[in-house]
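Trainee: Give me the fold of what follows.
(chains A and B)
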Amino acid sequence: DTAVSQTPKYLVTQMGNDKSIKCEQNLGHDTMYWYKQDSKKFLKIMFSYNNKELIINETVPNRFSPKSPDKAHLNLHINSLELGDSAVYFCASSQARGVYEQYFGPGTRLTVT
Amino acid sequence: EDKVVQSPLSLVVHEGDTVTLNCSYEVTNFRSLLWYKQEKKAPTFLFMLTSSGIEKKSGRLSSILDKKELFSILNITATQTGDSAVYLCALGPWNTDKLIFGTGTRLQVFP
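Mentor: The predicted structure is shown next:
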């Protein structure tokens, strides 16, 4: 009965590869987010979708492409991985836009070698 | 640029101590200030503050917002080892759906 789930939990890959991270929420929320947390624990928003529509697109390299097939799912695809992409990626959801109580998934630790 | 600064960066205390964590910000207009606790994995929600001067309480934790002086504090009384975590402060500006997070305060509570 996990509220926000992500797969995989760990991802180790080489530079130049393409990888995807999946996120699902069973809370019935309308809005989902992707965050990146660096080694200093700084959490920064990357993207947000509201009912499958992109509403936040921060200054993120276009190698990162989010996709929301329905409002319960938000996936993140990363092309041509670089060393600097190593981080923990968190998915989160909230009931609606402008509702800041966000529920976070367990995170995906991405290591690029 | 909107900015959220937390202090101290880290704090080491003994069980039973009381701690105060600070969050100051340079955000001109915002809807809410939130506090999260992050242990090993996902941040978990603690409080959301929207009005100045009104304390929110949950057990040994409490928080208050001062919109005039542009800061919030999170108090934890009678700390326990289970309080060890990174505490994150975040702001939700009016003109955007995103949360702006601070750098966090790492709290370690020793028995």
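Trainee: how about the residues of chain B near chain A?
Mentor: Contact residues, chain B versus chain A (Cβ under 8 Å from any Cβ of the partner chain): B:31-32, B:34, B:38, B:41-45, B:48, B:86, B:88, B:90, B:92, B:96-101, B:103-104, B:106. C-betas here are computed from N, CA, C, even on glycine.
Trainee: could you dump the worst-scoring helix or strand of chain A on mean pLDDT to PDB, C-alpha only?
Mentor: Using mean pLDDT, DSSP states H and E, the weakest-scoring helix or strand in chain A turns out to be strand A:53-57, at a mean of 89. Taking C-alpha atoms only, strand A:53-57 is exported to PDB below (Å, rounded to 0.1, in the frame of the first residue of the first chain):
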ATOM      1  CA  GLU A  53       0.300  18.500 -18.400                       C
ATOM      2  CA  LEU A  54       3.800  19.800 -17.900                       C
ATOM      3  CA  ILE A  55       3.600  22.800 -15.600                       C
ATOM      4  CA  ILE A  56       7.200  23.200 -14.300                       C
ATOM      5  CA  ASN A  57      10.300  22.700 -16.400                       C
END
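Trainee: my guess is residue B:87 meets residue B:35, correct?
Mentor: Yes. Contact criterion Cβ atoms under 8 Å: residue B:87 and residue B:35 qualify, at 6.5 Å.
Trainee: Can you pull the residues that touch both of those two?
Mentor: The contact sets of residue B:87 and residue B:35 overlap at B:46, B:74 (Cβ atoms under 8 Å, 6 or more residues apart in numbering or on different chains).
Trainee: could you say what helices and strands whatever helix or strand residue A:35 lives in packs with?
Mentor: According to DSSP states H and E, residue A:35 maps onto strand A:31-37. Other elements packing on strand A:31-37 under the criterion 3 or more Cβ pairs under 8 Å, 6 or more residues apart in numbering or on different chains; DSSP states H and E are strand A:19-25, strand A:43-50, strand A:73-78, strand A:87-94.
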